[in-house]
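predicted model and sequence follow; I will ask about them next.
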Amino acid sequence: MDAMMLLAQAAASLGDAITEANPVLTPVTVAADEMNLWDMAVKGGWIMIVLGVMSLIGFYILFERNYVIRKAGKEDPLFMDKIKDYILGGEIKAAIDYCHSVNTPSARMIEKGITRLGRPVSDVQAAIENVGNFEVAKLEKGLTIMATIAGGAPMLGFLGTVTGMVKAFFEMANAGNNIDITLLSGGIYEAMITTVGGLIVGIIMMFAYNYLVTLVDGVVNKMEGKTMAFMDLLNEPAK
């Protein structure tokens, strides 16, 4: 009996020793830093400010030109039929007033042609083409700037890459043997973030530019169709 008690006491003592040697560890939670888009932009440096301004200009051109070009492409499908009726009926003033009311690039071209009625057909066609070139230039207003942004934004981002890496190596050289990763993080952040920012702005503006060019081409096709229809109308009496 005494032996059993001695074994129980020894087991209890061994358990206490194990507990003291292996204390219960309290889990430590480390709060991970979160970085939002604004923090990333700030770490990109001054180049991100330039890219931001470029993107604002590009989006303004996109929305403004989209509205203008789509408005220019909306026309009455019976436009040329009405013009034909007016001209064949001798109502030249009514035809001009109707073109004024429609107020689209095609209508302004036809209006110019109507004002040249009675002159040689070549003169009428030249007048219409001159107005057409002017109208196309108006539709394409701002597209050159958007194309410049599309091509320049990635290059500006790569410039930020170079300046960021130069900054990182400069900090590394000044640190000597006491190199710390935190000294290099600023330059590396600038290098990577500006590259990403420049590519994002450039890609978006490239697609936006091609989209607007497609819209302009659609309006130009309508203008050419109206011109051909008007020239056929001038030649109709001679048939």
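Yep, it's here.

lowest-scoring secondary structure element of the protein by mean pLDDT?
Among the helical and strand segments of the chain, the one scoring lowest on mean pLDDT, DSSP states H and E is helix 2-21, with a mean of 50.

which helices and strands does the longest helix belonging to the chain pack with?
When every helix of the chain is counted residue by residue (DSSP state H), the longest turns out to be helix 181-235. The contact analysis (3 or more CB pairs under 8 Å, 6 or more residues apart in numbering; DSSP states H and E) places helix 181-235 against helix 37-43, helix 46-73, helix 79-88, helix 105-115, helix 121-139, helix 143-175. To be clear about C-beta, it is placed using only N, CA and C from the backbone, and glycine gets the same treatment.

and whichever strand or helix holds Asp97 with helix 79-88, angle?
Asp97 belongs to helix 92-102 when assigned by DSSP states H and E. For helix 92-102 and helix 79-88, the angle between their directions (axes from the mean of the first three to the mean of the last three CA atoms, to 10 degrees) works out to 160 degrees.

list the buried residues in stretch 135-155.
Neighbour-count burial for stretch 135-155, counted by 16 or more other CB atoms under 10 Å, picks out Glu135, Leu139, Gly142, Leu143, Ile145, Met146, Ala147, Ile149, Ala150, Gly152, Ala153, Pro154.

as a markdown table, the residues you listed with distance to Val166 and pLDDT would be great.
As requested, these are arranged in a markdown table below (distance: CB to CB, whole Å; pLDDT from 0 to 100):
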| residue | distance to Val166 | pLDDT |
| --- | --- | --- |
| Glu135 | 49 | 91 |
| Leu139 | 44 | 92 |
| Gly142 | 35 | 91 |
| Leu143 | 35 | 94 |
| Ile145 | 30 | 94 |
| Met146 | 31 | 94 |
| Ala147 | 30 | 95 |
| Ile149 | 25 | 94 |
| Ala150 | 26 | 93 |
| Gly152 | 21 | 92 |
| Ala153 | 21 | 91 |
| Pro154 | 19 | 91 |
